[in-house]
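Trainee: Here is my input; please provide its structure:
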Amino acid sequence: GPRSDAVQPPAPQLHRASKSKSAYENVVDLDEEQLRGVSLTTLLDGGAALFKDHGAAAREDPRGTYALSRPVISLNYFCSHSWTTSRWLKYVALLVHFNLGRALIASLLMCYFCLLLQLWLPEWTPSWWWSRYPLNPDMATGRAPYSAEMFVAPTFFIVLCTAHRFTRHRSLFLDIACIRQDSDAAKADGIAALGAVLDRSERMLVLCDANYFSRLWCTFELAAYTKRAGVARIDLLPLHEALVLLSMVGELAAFFMVGAGAGQIVTYVFPEVMENPDVFSSFVFLFLIAIDGPAQFFIVAGQVAAH
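Mentor: Numbers count the residues shown, from 1 in each chain. Presented below is the predicted three-dimensional model:
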């Protein structure tokens with residue numbers, strides 16, 4: 001039995017210990033209704049409208065926003081972010097994170113399709129779809145279709161913006177949609193259960209920018225999840241990197257599309273340049289500099305500013 005001379009803690013300390021244990025048990029145990037998630041499609045709808053204006057959706061329509069989430073057994077991602085950051089930065093970062101691989105694969109397949117069309121089915125394309133340019137040394141006229149320039153870039157961006165709608169369901173935790181916002185008591189219960197929500201999240205998705213670590217709650221979420229699951233299950237998404245990557249791809253696509261258009265314009269406006277390949281190349285180069293040069297400048301300036 002217990003020793004008779006053992007020192008017993010004062011009653012207030014016993015009360016605090018009992019209270020702390022009760023609170024911990026409340027966090028570990030979670031009602032089915034408290035574990036909720038929104039689909040990736042819902043999160044990205046309307047340009048990630050749920051991130052708009054510091055969570056305005058929950059203030060304007062708390063019941064409707066809560067209805068966007070569904071009870072789940074576990075969560076694929078716990079979404080950690082700062083409400084002060086632009087929704088568009090988050091939207092682009094999420095698109096790049098989840099859809100970039102499929103967009104690149106679709107673009108590559110389109111490149112192969114355009115090549116097959118050029119080699120084996122040239123009669124399927126109208127004459128105006130082919131560019132013409134002079135070739136040295138005998139001034140022969142070369143031909144090349146515009147298929148890749150016109151189709152690859154649109155394919156990339158269409159798949160980038162829509163691929164998540166045709167892939168497996170992913171559930172994410174977003175506080176304004178997964179915790180009831182129509183009463184202070186419901187919000188308090190949801191906040192108290194965040195530890196259990198973190199435990200039931202396969203990964204944490206950190207939408208990180210300069211504001212993220214200045215927010216105490218963001219730091220708490222990241223520290224709590226790191227303590228529970230370790231850094232290997234954290235996906236860190238620096239928001240500026242997604243924007244820079246996407247702008248570089250867009251600029252490259254614009255360069256080739258403008259280049260294709262430049263060759264066609266030079267051919268029809270200045271047909272005499274077809275007699276000299278060097279003059280033709282110079283005209284196309286000057287056209288590219290005039291049209292695409294400013295775009296390149298703003299892209300580079302944006303990259304510098306982002307870093």
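Trainee: ok, longest helix in the protein?
Mentor: helix 87-120 (DSSP state H).
Trainee: residues of that helix that come out buried?
Mentor: Across helix 87-120, burial judged by 16 or more other C-beta atoms under 10 Å covers 87, 89-96, 98-100, 102-103, 106-107, 110, 114, 117-118. Any C-beta I mention is one placed from the backbone N, CA and C, and that applies to glycine too.
Trainee: Kindly report the same for stretch 167-175.
Mentor: Buried residues in stretch 167-175, counted by 16+ other C-beta under 10 Å: 170-175.
Trainee: Give me the subset of the residues you listed lying in helices.
Mentor: residue 175.
Trainee: Helices of the stretch 151-300 of the chain, residue ranges please.
Mentor: Along the stretch 151-300 of the chain, counting by DSSP state H, counting those that start in this stretch, helices occupy 175-178, 184-192, 194-199, 216-229, 239-269, 277-306.
Trainee: related to what we said a few turns ago, I'd like the buried residues of stretch 167-175 as CSV, with distance to residue 149 and pLDDT appended.
Mentor: Formatted as CSV, the buried residues of stretch 167-175 follow (distance: C-beta to C-beta, whole Å; pLDDT from 0 to 100):
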residue, distance to residue 149, pLDDT
170, 34, 91
171, 39, 95
172, 37, 96
173, 42, 96
174, 39, 95
175, 44, 93
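Trainee: any weak-confidence spans in the stretch 201-307 of the chain?
Mentor: Counting by pLDDT under 70, the ranges of the stretch 201-307 of the chain that qualify are 255-307.
Trainee: Let's see that with 80 instead.
Mentor: Applying pLDDT under 80 to the stretch 201-307 of the chain flags the ranges 244, 247-248, 250-307.
Trainee: low-confidence ranges in the stretch 51-200 of the chain?
Mentor: Using pLDDT under 80, the flagged stretches of the stretch 51-200 of the chain are 117-119, 121-150.
Trainee: what do you get if the cut-off is 50, keeping everything else the same?
Mentor: For the stretch 51-200 of the chain, no stretch is flagged by pLDDT under 50.
Trainee: OK, contacts around the nearest residue to residue 42 once chain neighbours are set aside?
Mentor: Excluding the flanking residues, the one nearest residue 42 by C-beta to C-beta, 6 or more residues apart in numbering is residue 68, at 5.3 Å. In this structure, residue 68 makes contact with 38, 42, 50, 177, judged by C-beta atoms under 8 Å, 6 or more residues apart in numbering.
Trainee: So which of those sit within strands?
Mentor: Members of these lying in strands (criterion: DSSP state E): residue 38.
Trainee: Filter the contacts of residue 68 down to the buried ones, ChimeraX style.
Mentor: Entered in ChimeraX, the line below selects the buried ones among the contacts of residue 68, by 16+ other C-beta under 10 Å:
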select :38,42,50,177
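Trainee: Tell me the one among the contacts of residue 68 nearest to residue 202.
Mentor: residue 38 (15.2 Å; C-beta to C-beta).
Trainee: Quickly note the distance from that closest one to residue 227.
Mentor: 25 Å (C-beta to C-beta, to the nearest Å).
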